[in-house]
Each structure stands twice: as structure tokens, then as C-alpha cells.
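# The sequence and its predicted three-dimensional model are supplied below.
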Amino acid sequence: MGKTLINAKVIIAEGKTVMPGLIDSHVHIYTDKECWKDRVNNFKMLLEKGIKISLGSDADVPYIRQGDNARELSIFVELGMSPMDAIIAATRTAAEAIGVADRVGTIEKGKIADIILIEGCPLDNIDLLHDEDKIRMVMKEGKIIISKRLMTE
């Protein structure tokens, strides 16, 4: 079982001392700055040892809205993961972790086509993946559900 990094980072950034909706025994997990240091050290150790890391979701945590979990990829890169490995953590490795890699996680014939088109290269700037202004197309199960005009220079 793992912990996401974004929940601790966002809650500390919000300056909150109490995590709404959680019982007291769990509050320290999210508000203690020492916990953030431990999470950073643990992440770096796992990365160094080559342990698979996948993107999770704490989208039900206050201060984090649905879709904000993509910000975790920026944290992964900030802590030493390559942008490509962060993208793999969010796709293939996450699908493997929850047992659905036969249907999603990679772009292959026969798999569900959930794809996003980003303006720019996330390998050069991973933050593009959570910049709503840079998302140009979203395909869910092979159907385009969002399409925005590409910006040209």
C-alpha cells in the first residue's frame, strides 16, 4: 500500500493543522512537515532501488479536485524521476498495479483508447499534463470527448 505525495504537499501548503473529515489518529499523516520529509526520503529510496512506483489518486481529499492527481507527476520529476518514467507510472504501471493492464495503460490494438493530446512536450515540461490550457484533446474509450483548437505560434 502506498501513499500519494500530493495530498501532504497540498495540505501543508494550505497551512492547515487539521485535515477535515479524518479522525484524529490520521491527522498527523497529512499535516506534519516531518511526514513530508519522510515521504520524500521514502520516494527517493524506492526510486534508487528501482521499485515500481505508480500514480495514485487522492482526489477525494479536501483541497484536491478530480484531475489534480496529474500534479503528482510534477512532484515525481521534482524528486528525481525522469518525465518519461513519470508518464509510465501514470499509465502502464498504474494499470498493472490495479490489475487492468490487459485493457488500459498502453496504446495497443485491442485496448481501450483513453488518450490526451497536449500542446507542447511533457518530456520537456511535465507540468503540461496538468495545465488545462494545454490540453487540446481528450479521447475516452476511443471517442473524442474534448477537442480544442491547437494554438500556433
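Here it is on my side, so go on.

# which stretches of this structure form helices?
Remark: helices assigned in the chain by DSSP state H are 6-13, 24-31, 33-48, 71-78, 83-90, 92-97.

# Check the average confidence over the first one, would you?
With pLDDT averaged residue by residue, helix 6-13 scores 63.

# Same question for the third one.
In this model, helix 33-48 carries a mean pLDDT of 84.

# Same check on the fourth one?
Computed over helix 71-78, the mean pLDDT rounds to 92.

# for it, packing partners?
helix 6-13, helix 83-90 (3 or more Cβ pairs under 8 Å, 6 or more residues apart in numbering; DSSP states H and E). Where you see a C-beta, it was placed from the backbone N, CA and C, and this is true even at glycine.

# again, 10 Å this time
helix 6-13, helix 33-48, helix 83-90 (3 or more Cβ pairs under 10 Å, 6 or more residues apart in numbering; DSSP states H and E).

# What are the buried residues along the longest one?
This means helix 33-48. 35-36, 39-40, 43, 47 (16 or more other Cβ atoms under 10 Å).
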